[in-house]
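**Student:** What follows is a protein structure lacking sequence information:
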């Protein structure tokens with residue numbers, strides 16, 4: 001996967017979180033970020049990898065995201081690895 005494709009998937013994941021008040025509040029609570037920080041970091045590949053890390057911690061969220069964006073459920077994992085490399089935990 002190319003870097004720009006991975007960034008697009010991560011930005012879509014961010015939009016997925018922002019598009020639902022409950023999901024957004026939970027993310028912001030756990031991350032300690034506010035709306036300004038989300039906006040200011042949206043172009044940072046490390047931040048985008050963190051968005052995917054967060055998403056990948058919850059299999060239900062992964063499947064909801066994949067369905068909403070018509071993606072294969074494995075693509076967020078591939079995108080995460082493309083952004084900054086490394087492991088994404090136990091979800092595959």
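**Tutor:** Thanks, I have it. This is a predicted model, so every value here is computed, not measured.
**Student:** When you work out contacts or count neighbours from here on, use the C-alpha atoms and nothing else.
**Tutor:** OK.
**Student:** residues in contact with the helix or strand encompassing residue 25?
**Tutor:** Residue 25 belongs to helix 21-31 when assigned by DSSP states H and E. Residues from elsewhere that reach helix 21-31, judged by CA atoms under 8 Å, 6 or more residues apart in numbering: 17-18, 34, 54.
**Student:** Then stretch 45-56?
**Tutor:** 7, 10-11, 13-14, 27, 41-42, 61-62, 76-77, 79-80, 83-84, 88-89, 91.
**Student:** Just the ones in helices from these, please.
**Tutor:** 7, 10-11, 13-14, 27, 41, 61-62, 76-77, 79-80, 83-84 (DSSP state H).
**Student:** Now list the buried members of the residues you listed.
**Tutor:** 7, 10-11, 13-14, 27, 61-62, 76-77, 79-80, 83 (16 or more other CA atoms under 10 Å).
**Student:** What's the separation between the residue minimising distance to the centre of the chain and residue 61?
**Tutor:** With distances taken as CA atoms, centre = their mean, residue 52 lies nearest the centre of the chain, 2.9 Å away. Distance from residue 52 to residue 61, counting by CA to CA, to the nearest Å: 11 Å.
**Student:** likewise residue 30?
**Tutor:** Distance, residue 30 to residue 61, by CA to CA: 15 Å.
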